[in-house]
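Engineer: What would the 3D arrangement of this be:
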Amino acid sequence: MQTFLIVWVGQVVSLLGTKLTEFALGFWILDQTYQDTGAITQFALTILFMYLPKVIISPLAGVLVDRWNRRFTMIMSDLGTGLVTIAILALVWTNNLAVWQIYLALIVSSSLNAFQQPAYTASISQLVPAKNFIRANGMVQASFAIAKIASPAIAGLLMHRFGLKTILCID
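Structural biologist: Next up, the predicted model:
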């Protein structure tokens, strides 16, 4: 159970950082484009690119994850998402961030998350004794819910106080 707890804490932090960034990027797009155009189409596209790749890729990803090393899959997915975040941070830092770059980053991140989540949930049975399956599954599902519920509030406060760079650094 100790190994699972270490993985779980790492995934909670990773998931919270990812959700903070997703919300902050959407907020940044809304802030940048709504003032100029009065339309929220670009923000709506952000939501689309955040979820559609995962929906499309997930059936294939689940099959592949069952055949691959789950640990390696989780590491590579988190590493890829981290590299995307670093690229966005570099663009923000140099004041070169454009909306299309956020769309591309969200597509890549969403695609990687399509592999990460099934690998993580499937690894529970390898990390936890059978008597603790229910507890471990509850912890995993609670972490998904907490990240989805808490991240908009946290990201909103951080965006207001510190800006996008801080959220990307946290992620």
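Engineer: I'd like the average pLDDT over the longest helix anywhere in the chain.
Structural biologist: Counting residues, the longest helix in the chain under DSSP state H turns out to be helix 2-37. Averaging pLDDT along helix 2-37 yields 86.
Engineer: do the same with stretch 152-170
Structural biologist: pLDDT averaged over stretch 152-170 gives 88.
Engineer: From A142, how far off is the residue of the chain positioned farthest from its centre?
Structural biologist: Distance to the chain centre peaks in the chain at K131, reaching 30.0 Å (criterion: Cα atoms, centre = their mean). As judged by Cβ to Cβ, to the nearest Å, K131 and A142 stand 19 Å apart. C-betas here are computed from N, CA, C, even on glycine.
Engineer: How about Y103?
Structural biologist: Counting by Cβ to Cβ, the separation of Y103 from A142 is 31 Å.
Engineer: One more: R70?
Structural biologist: For R70, the distance to A142 - Cβ to Cβ - is 21 Å.
Engineer: Check L157 too.
Structural biologist: 22 Å.
Engineer: again with I29
Structural biologist: For I29, the distance to A142 equals 30 Å [Cβ to Cβ].
Engineer: who has more neighbours, these two?
Structural biologist: Remark: of I29 and A142, I29 carries more neighbours, 21 against 12, as counted by other Cβ atoms under 10 Å.
Engineer: these two touch, right, the more buried one and I40?
Structural biologist: No: using Cβ atoms under 8 Å, I29 makes no contact with I40, being 9.3 Å away.
Engineer: what touches both of these two?
Structural biologist: Residues touching both I29 and I40 (Cβ atoms under 8 Å, 6 or more residues apart in numbering): none.
Engineer: Show me the helices in the protein, by range?
Structural biologist: 2-37, 41-67, 70-93, 99-127, 133-161, 164-170.
Engineer: hey, which of these is tucked in deepest?
Structural biologist: Ranked by average neighbour count under the criterion mean count of other Cβ atoms under 10 Å, these are headed by helix 99-127 at a mean of 20.
Engineer: Quick check: chain neighbours aside, which residue is closest to F43?
Structural biologist: L30 (4.4 Å; Cβ to Cβ, 6 or more residues apart in numbering).
Engineer: residues in contact with the one you found?
Structural biologist: By Cβ under 8 Å, 6+ apart, the neighbours of L30 are 40, 42-43.
Engineer: Could you measure from the closest residue in space to N132 that isn't next to it in sequence over to R135?
Structural biologist: Excluding its sequence neighbours, the residue lying closest to N132 (Cβ to Cβ, 6+ apart) is M1, at 5.7 Å. Per Cβ to Cβ, M1 is found 8 Å from R135.
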